[in-house]
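*Asks:* model this:
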Amino acid sequence: MTNLCNLNGVLVPEEKAVVPVLDRGFLFGDSIYEVIETKNGVPFALPEHLERLHGSADALMMRLDLDDQTLSRRIKETLQAANNPESYVRIIVTRGVGSAPNIDVAYATGPCTVLIMVRPLPSPGSSVGHLAFVSRLRNDRRALDPASKTGNYLNNVLGLIEAKATGARDAIFLNSAGYVTEATTSNIWIAQDDGVFTPPLSAGILAGVTRKLIFDCCTKAGLRCEERDITPQQLLRAPEVFLSSTLRHVFPITRIDERIVGTGKPGPITTKLAALFHEFSTHQQAELYAPAWSKI
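*Replies:* Numbering: from 1, shown residues only. Below you'll find the predicted structure:
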């Protein structure tokens, strides 16, 4: 079980992986990232994660110095060296080391810093969760669009502190219009008799890879799945609520603030969807990702 990093193409133990103080990711959060889990040693949905990495780079007007093939080879090299049963993979790309501690990108004189972290995949932990509405609003899309996965996470950090102070496990952010957006690192869904629903990207949320795959899964299963603006009252009245993310997959929520969701246990639609997603992702892995990975 090994924590290992690939820093600009060089394998180093995690505790020895360091960046200069003038790196813009350290100074300004001027960075993007992706988190991926492996299944049978193969990064799950790697093409989708790399596509989103490019989208985040475009949103930050950041030029990526590596092509996907080179980045994939570095990921594979790091996974093979770590030799974990299954791994957590985090890709971090910063705008690089600047010539001065100045926010102007004219001072971003160096190439991008590319860090790949590989750790043993953590266990899922508790199968149910408790959320709390927080007073801190989700970043407005016109300021820093949450659809981009950037290293600037202070909004999420402060929201999580507020939620945990109430005894909750995670936060629910509203946007400036009062609609539900997402949790700190997960998309949020409601499930009811007429289908499953999640806020649209226009609400100010991350374009989750797992979120997208759930749509694909529902389509194949003939289950209605749509984007919809959700009010706090609709969330509180929903018979089932769940989160989705790379590491949480489909994660049932049984309590919001002091209100019990449904029966207080994972609901039938959520349970079915979790099983469908597991089956769907396993099929995707075998049919799409593993053969391509073997050629890298």
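
*Asks:* pLDDT below threshold where in the stretch 51-200 of the chain?
*Replies:* Counting by pLDDT under 70, the stretch 51-200 of the chain contains low-confidence ranges at 125-128.

*Asks:* try it again with 90
*Replies:* For the stretch 51-200 of the chain, the stretches with pLDDT under 90 are 109-110, 123-128, 194.

*Asks:* please, where are all the strands along it?
*Replies:* 87-94, 113-120, 129-133, 170-172, 187-192, 195-198 (DSSP state E, counting those that start in this stretch).

*Asks:* tell me which of the ones you listed lies nearest to Thr2.
*Replies:* Closest to Thr2 of the strands of the stretch 51-200 of the chain, according to CB to CB: strand 113-120, at 7.5 Å. C-beta here means a position set from N, CA and C on the backbone, and glycine is covered the same way.

*Asks:* who does that closest one pair up with?
*Replies:* Counting by DSSP bridges, the strands paired with strand 113-120 are strand 4-7 (antiparallel), strand 87-94 (antiparallel).

*Asks:* tell me how many other residues crowd the closest residue to Gly262 other than its chain neighbours.
*Replies:* In space, Gly262 comes closest to Pro239 once its chain neighbours are excluded; the distance is 4.6 Å by CB to CB, 6 or more residues apart in numbering. Neighbourhood size, Pro239 [other CB atoms under 10 Å]: 15.

*Asks:* in stretch 214-231, what's buried?
*Replies:* Of the residues in stretch 214-231, Ile214, Cys217, Cys218, Leu223, Cys225, Ile230 count as buried by neighbour count, 16 or more other CB atoms under 10 Å.

*Asks:* what about it, how long is it end to end?
*Replies:* Using CA to CA, to the nearest Å, one end of stretch 214-231 lies 22 Å from the other.

*Asks:* repeat that for stretch 183-191.
*Replies:* Distance between the two ends of stretch 183-191: 16 Å, counting by CA to CA.

*Asks:* about what we covered before: and the strands of the stretch 51-200 of the chain: which comes nearest Glu14?
*Replies:* Checking the strands of the stretch 51-200 of the chain against Glu14 by CB to CB gives strand 113-120 as the closest, at 6.7 Å.

*Asks:* in stretch 27-42, which residues are buried?
*Replies:* Quick answer for stretch 27-42 (16+ other CB under 10 Å): 27-28, 30-39, 42.

*Asks:* mean confidence score for it?
*Replies:* On average, the pLDDT along stretch 27-42 is 97.

*Asks:* which parts of the chain are helices?
*Replies:* Per DSSP state H, the chain carries helices over the ranges 24-28, 46-59, 68-82, 154-165, 209-221, 232-237, 268-284, 290-294.

*Asks:* what two of the buried residues of stretch 214-231 have the greatest distance between them?
*Replies:* Across the buried residues of stretch 214-231 (CB to CB), the longest gap, 20.2 Å, separates Cys217 and Ile230.

*Asks:* mind listing what the residue lying closest to Phe197 once chain neighbours are set aside touches?
*Replies:* The spatially closest residue to Phe197, leaving aside those adjacent along the chain, is Arg228, at 4.3 Å (CB to CB, 6+ apart). Counting by CB atoms under 8 Å, 6 or more residues apart in numbering, Arg228 touches Phe197, Thr198, Pro199, Pro200.

*Asks:* residues making contact with stretch 289-296?
*Replies:* For stretch 289-296, the surrounding residues in contact (CB under 8 Å, 6+ apart) are Asn40, Val42, Pro43, Phe44, Ala45, Leu46, Pro47, Gln69, Ser72, Arg73, Lys76.
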